[in-house]
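Student: predicted model, plus sequence, below.
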Amino acid sequence: MAKRSHEDWTALIKQQPASGLTITAFCRQHKLSTSTFYARKANKAKIKTVMPFAKVTVATPTDVTSQTQVSDAQQVICLQHQTGLWTFPGSLPANYLLEIIKGLQAC
């Protein structure tokens, strides 16, 4: 059996209540593992509630306010948050940026 994509699982999870079938019957009809269906459904709900997206833009030095000095036409990452506008060098490692975003979500 081919591996289902994220979009396939999203569609199946949305189809189940509309089908009028129990989850067990729906899974049997679509040849799905019931435990996998429950796991995918729980993961989808968790992603929706835990990981909201933050608006991030990449700006050139001409787009940055005069408070930030950037040399050699490097790109910067601008993050608009309720605490203000945060700017970071475009070379900032992704894992550091992720930790910063997680910290800001706690605010």
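Tutor: Thanks, I have it. Residues are numbered from 1 along each chain as shown.
Student: residue 76 pairs with what?
Tutor: Judged by DSSP bridges, the bridge partners of residue 76 are residue 59, residue 89.
Student: okay, it: pLDDT?
Tutor: At residue 76, the model reports a pLDDT of 83.
Student: for stretch 37-54, what is the average pLDDT?
Tutor: Per-residue scores along stretch 37-54 average to 71.
Student: I meant stretch 100-107, not that one.
Tutor: Average pLDDT, stretch 100-107: 78.
Student: and if you look at stretch 15-22?
Tutor: Over the span of stretch 15-22, the pLDDT mean works out to 93.
Student: send me it as PDB with only the CA atoms.
Tutor: Taking C-alpha atoms only, stretch 15-22 is exported to PDB below (Å, rounded to 0.1, in the frame of the first residue of the first chain):
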ATOM      1  CA  GLN A  15     -14.300  12.900   5.900                       C
ATOM      2  CA  GLN A  16     -14.900  10.600   8.800                       C
ATOM      3  CA  PRO A  17     -17.500  12.700  10.700                       C
ATOM      4  CA  ALA A  18     -19.400  13.400   7.500                       C
ATOM      5  CA  SER A  19     -19.500   9.800   6.600                       C
ATOM      6  CA  GLY A  20     -21.800   9.000   9.500                       C
ATOM      7  CA  LEU A  21     -19.700   5.900  10.300                       C
ATOM      8  CA  THR A  22     -17.900   5.200  13.500                       C
END
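Student: buried ones in it, by neighbour count?
Tutor: By 16 or more other Cβ atoms under 10 Å, the buried positions in stretch 15-22 come out as residue 16. Where C-beta positions appear, they are placed from N, C-alpha and C, glycine not excepted.
Student: so what touches that stretch?
Tutor: The set of residues external to stretch 15-22 that reach it, using Cβ atoms under 8 Å, 6 or more residues apart in numbering, is 23, 26, 29, 37.
Student: one more time with 7 Å
Tutor: Applying Cβ atoms under 7 Å, 6 or more residues apart in numbering, the external contacts of stretch 15-22 come out as 23, 26, 29.
Student: I appreciate the help and will end here.
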